[in-house]
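S.K.: A predicted structure for the sequence below; I have some questions about it.
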Amino acid sequence: MKFRNLVVAAAGACLLALTSFAQITAIEGDVMGEDGNPAANAAIKIVRTDIKGNYPCKTNKKGHFFYNGLPLGTYTVSVEMDGKEMDVVRGVRTRLGDPVPVNFDLQKIAQTKKALSAQLSAAGSSGSGLTKEQERSMTKEDKEKYEKIAKEREAQMKKNKELNDAYTTGTAAMESKDYDAAVTSLTKASELDPKQLAVWQHLAEAYIAGAVKKSGADFDAGMNKGIEAYGKALELSPSDAGTHSNLAIALGKLKKFPEATAETEKAAQLDPTKAGQFYYNLGASLVNAGQSEQASAAFKKAIEIDPKHADSYYQYGVYLISKASFAADGKVTPVPGTVEAFQKYLELAPTGQFADPAKAMLESLNAKVDTAYKNPNAPAPKKKK
């Protein structure tokens, strides 16, 4: 009887032992690094969440980890590399029998995070908001990034509106020739965004147009402010030929002739197709500033560069007229090249803006005016067979 009880007791103990053994579970998995290769020696943290318990381990050289002897329960499994958590899987429930697989593909995770980051940036920048899926996928860092981008976008939109308003008001004032108001608005625009080329170009024009209406120290101050604004524009776009040409004109009005010539040369080098026009523009501005000698040099240079620049011939002819001698009887003796300059103008532009005064000049010099001038660019007449 005692033996039978002993057998029963032994059987019960064995059953308890088997039951206890059956409650032990395992988790295993593989970790692939961001480079797509197995991540060796990565730290794996297995944390029980239903009852407190921590079970750390590491991957082997093949990127594999295995932890046996875990109590049946619910766990959070994470992988760390260089002390940084790379990914985490929550709510892992272990089971009796085969180990529960938990794998980490850090390359895919990195790509997903990059795509999500781009989506969050786009959503924050456009103001389109987040989808429910994006909200669910956001980490704390993602949320902070999104909120930062959204705030920056809101501030940028406000700044852009102020910039556009200041620029529009400034250009409108320019059109109405209220140059002081234009300077005020465009200066505000330049302060809101110093990287806007058009703002600096218009601000320079406003300063110079306003300075021309002034004299003395006010003229010099306005011109120098305009030149400074052109300098800012060229810092943003050093290869802008038009800005170099406009700067040359401003320098010429301040009688800084070497500097004006140098800037015109830069403009001509940057855009050879407009070189003749650049020198003509400089010459015309110098004429308006009463600098006829320097203007004549600019017109002559324009002709040398572009022998078909008609207006330069006319202006050069006008300069040469000032060098003519007058006899007591009123007869005019022009210096060599005067008649040829006006004739060349009429050859190139027989119906141009200066055609009538050019003809009048030739007639006053008793020179022949060829009324049969034709457009040199017109197609040649077909030969009769």
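M.R.: Okay, I see it.

S.K.: which ones are touching the closest residue to Ile51 other than its chain neighbours?
M.R.: Using CB to CB, 6 or more residues apart in numbering and skipping residues adjacent in sequence, the residue nearest Ile51 is Gly73, 6.2 Å away. (Glycine included, C-beta is placed from N, CA and C.) Applying CB atoms under 8 Å, 6 or more residues apart in numbering to Gly73 gives the contacts Arg48, Thr49, Asp50, Ile51, Gly53, Arg93, Thr94.

S.K.: one more time with 10 Å, if that's ok
M.R.: Counting by CB atoms under 10 Å, 6 or more residues apart in numbering, Gly73 makes contact with Gln23, Thr25, Arg48, Thr49, Asp50, Ile51, Gly53, Val92, Arg93, Thr94.

S.K.: swap in Asp240?
M.R.: Asp240 makes contacts with Leu197, Gln201, Tyr230, Ala233, Leu234, Asn246, Leu247, Ala267, Leu270, Asp271, as judged by CB under 10 Å, 6+ apart.

S.K.: same question, Gln107
M.R.: Counting by CB under 10 Å, 6+ apart, Gln107 touches Met32, Gly33, Glu34, Asp35, Gly36, Asn37, Ala39.

S.K.: Just the ones in strands from those, please.
M.R.: Using DSSP state E to define strands, the subset of the contacts of Gln107 located there is Met32.

S.K.: Restrict the contacts of Gln107 to the buried ones and give me that as a ChimeraX selection.
M.R.: Buried members of the contacts of Gln107, defined by 16 or more other CB atoms under 10 Å, are picked up in ChimeraX with:
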select :32,33,39
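
S.K.: Next, give me the two most distant ones among the contacts of Gln107.
M.R.: Gly36 and Ala39 (10.1 Å; CB to CB).

S.K.: intersection of neighbour lists for these two?
M.R.: Common neighbours of Gly36 and Ala39 (CB under 10 Å, 6+ apart) are Leu106, Gln107.

S.K.: which ones are touching the residue nearest the centre of the chain?
M.R.: Nearest to the geometric centre of the chain sits Lys195, at 8.6 Å (CA atoms, centre = their mean). Neighbouring residues of Lys195 by CB under 10 Å, 6+ apart: Lys232, Glu235, Leu236.

S.K.: Would you mind giving the secondary structure of it?
M.R.: coil (DSSP: H, G, I helix; E, B strand; the rest coil).

S.K.: State the phi and psi torsions of it.
M.R.: The phi/psi pair for Lys195 (degrees, to the nearest 10) reads phi -100, psi 10.

S.K.: where along the stretch 51-200 of the chain do the strands fall?
M.R.: Applying DSSP state E, counting those that start in this stretch to the stretch 51-200 of the chain gives strands spanning 53-58, 64-71, 74-81, 84-93, 100-101, 104-105.

S.K.: correct me, but Gly83 touches Ala42?
M.R.: No - the criterion here is CB atoms under 10 Å, and Gly83 misses it with Ala42 at 11.4 Å.

S.K.: Of those two, which one has the most company?
M.R.: More crowded of Gly83 and Ala42, by other CB atoms under 10 Å: Ala42, with 22 against 6.

S.K.: Can you read off the pLDDT for the more buried one?
M.R.: Ala42 is assigned a pLDDT of 95 by the prediction.

S.K.: Can you verify my assumption that it contacts Phe65?
M.R.: Yes - using CB under 10 Å as the test, Ala42 is close enough to Phe65 to be in contact (7.8 Å).

S.K.: Tell me where the stretch 101-250 of the chain has helices.
M.R.: Taking DSSP state H, counting those that start in this stretch to define them, one finds helices in the stretch 101-250 of the chain at 106-126, 132-137, 140-175, 179-192, 197-212, 216-236, 241-253.

S.K.: what inclination does the fifth one have with respect to helix 179-192?
M.R.: I take that to be helix 197-212. Put simply, helix 197-212 runs at 150 degrees to helix 179-192, going by axes from the mean of the first three to the mean of the last three CA atoms, to 10 degrees.

S.K.: Show me what helix 197-212 is packed up against.
M.R.: helix 140-175, helix 179-192, helix 216-236, helix 241-253 (3 or more CB pairs under 10 Å, 6 or more residues apart in numbering; DSSP states H and E).

S.K.: Now find how far off-centre the last one is within its chain.
M.R.: Using CA atoms, centre = their mean, to the nearest Å, the distance from the centre of helix 241-253 to the centre of the chain it belongs to is 24 Å.

S.K.: quick one on the thing from earlier: quick one, which of the helices and strands packed on helix 197-212 is nearest to Gly290?
M.R.: When the helices and strands packed on helix 197-212 are compared by CB to CB, helix 241-253 sits nearest Gly290, at 10.1 Å.

S.K.: and the next element down the chain from that closest one?
M.R.: helix 257-270 (DSSP states H and E).

S.K.: For that following helix, which residues meet the burial criterion?
M.R.: Phe257, Glu259, Ala260, Thr261, Glu263, Thr264, Glu265, Lys266, Ala267, Ala268, Leu270.

S.K.: next one: stretch 217-226
M.R.: Quick answer for stretch 217-226 (16+ other CB under 10 Å): Phe219, Gly222, Met223, Lys225, Gly226.

S.K.: So which of the residues you listed is the closest to Lys148?
M.R.: Lys225 (38.2 Å).

S.K.: Looks like the closest one contacts Ile208 (just checking).
M.R.: Yes - contact criterion CB under 10 Å: Lys225 and Ile208 qualify, at 8.5 Å.

S.K.: isn't Gly91 right up against Thr74?
M.R.: Yes - counting by CB under 10 Å, Gly91 touches Thr74, with 6.4 Å between them.
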